[in-house]
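Student: Provided below are the primary sequence and the corresponding predicted coordinates.
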Amino acid sequence: MCEVMTIGEPMVMFLADTKEPLAQVNHFTKMIAGAELNVAIGLQRLGHSVSYATQVGNDPLGEYIINFLHKESIDTSNIKKINDAPTGFQLKNQTDDGNSEVIYFRKGSAASKTSAKLLSSLKFNDTKILHITGIFPALSPDTRQMIDKLIDLAHEHNILVTFDHNSRPVLWKNQEEMISTTNEIACKCDIVMPGLSEGRLFTKKQTKEEIADFYLNQGVSKVIIKLGDTGSYMKERLSDGSYREFTSPSFKVKVVDTVGAGDGFASGILSGLLEQLDNEKILERGNAIGAIQVTNLSDNAGLPTISELNNFIKNTPRKQMIS
């Protein structure tokens, strides 16, 4: 079986071929997108086995996604096709500042209709990590319920559960529901990975230390915070009740597009955990893949192999770490 299991909504992405507002674009290139899917691709390219669970429509877009995952050697045995809902997709433009406009077409999608019935078919043999984000439980009441049960099931099998907030306000009824529900899920997990701005929103705290303490005090064992383009920070609780903190600077690169950087970061963190690297190296790897990702237009095409990653770390200068 696979080392990592993740669950999410895969989508086909139509990337604008020109730098214009989406309303003016006439030609697009078909690609693949989805936060958890990006993490799965990143881990597989680093040499780790991944199983991806979801539902897609029994349509050409769903077939395109499954074929893509096959080519990436990602396990698709936990993907179900259904006839009564379509596969979601998105439109994305190109900009000069790296902050692309993304429009989603995912309401009523096949993934949003995933229910806890899928859990009965999941196999956890040799699974070491379950990775989830705040996106999938936002899709529907069914997916929210499923994530709760999946976390419990993972812990019953002594599987480490990692969580990336990956907030999508448009998927929630209101901000209050997004914050309360996401925090409920996060605090059931072992490792949480918010961005600094997300951490401030979800905890009402300001500093990275305060944000980390918010989750550590509610049972999370390790908090890893993405500090934008400056680096990352980790605080963990040890078995004796003491704490350790680590920081790592980011890398100097030219930003082309920021979408997918957090997913690249997550794939670096998870691979470091699987390989039992020390905490400084884990953060370094996350920073490196996040930096590589922002140099690419695609959400995942630039995710590196292990040799490409090591070469980047060796030859790319770091930024000055700001405390």
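Tutor: Here it is on my side, so go on. What you are looking at is a predicted structure, and each value in this text was computed from that prediction instead of being measured. Numbering: from 1, shown residues only.

Student: buried stuff in the lowest-mean-pLDDT helix or strand in the chain?
Tutor: With mean pLDDT, DSSP states H and E as the measure, the helix or strand of the chain carrying the lowest mean pLDDT is strand 102-105 (a mean of 91). If you call a residue buried by 16 or more other CB atoms under 10 Å, then strand 102-105 has these buried ones: Y104. From N, CA and C alone the C-beta is placed, and that goes for glycine too.

Student: give the other helices and strands that that strand contacts.
Tutor: strand 89-92 (3 or more CB pairs under 8 Å, 6 or more residues apart in numbering; DSSP states H and E).

Student: the strand it packs on pairs with which strands, and in what direction?
Tutor: Partners of strand 89-92 in the sheet, by DSSP bridges, are strand 11-16 (parallel), strand 102-105 (antiparallel).

Student: tabulate the ones you listed in TSV, adding columns for distance to L69.
Tutor: Supplementary listing: the strands paired with strand 89-92 in TSV, determined by distance: least, CB to CB, whole Å:
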stretch	distance to L69
strand 11-16	12
strand 102-105	20
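
Student: out of the ones you listed, which is closest to E308?
Tutor: Taking CB to CB, strand 11-16 is the member of the strands paired with strand 89-92 nearest to E308, at 22.1 Å.

Student: contacts for that closest one, please.
Tutor: Contacts made with strand 11-16 from outside it, assessed by CB atoms under 8 Å, 6 or more residues apart in numbering, are listed as 22, 25, 27-34, 61, 64-65, 87-94, 104, 106, 297-299.

Student: again, 7 Å this time
Tutor: When contacts are taken as CB atoms under 7 Å, 6 or more residues apart in numbering, the neighbours of strand 11-16 outside the stretch itself are 22, 25, 28-34, 61, 64-65, 87-94, 106, 297, 299.

Student: show the buried residues in those residues.
Tutor: The neighbour count (16+ other CB under 10 Å) marks 25, 28, 31-34, 61, 64-65, 87-94, 106, 297, 299 as buried among the contacts of strand 11-16.
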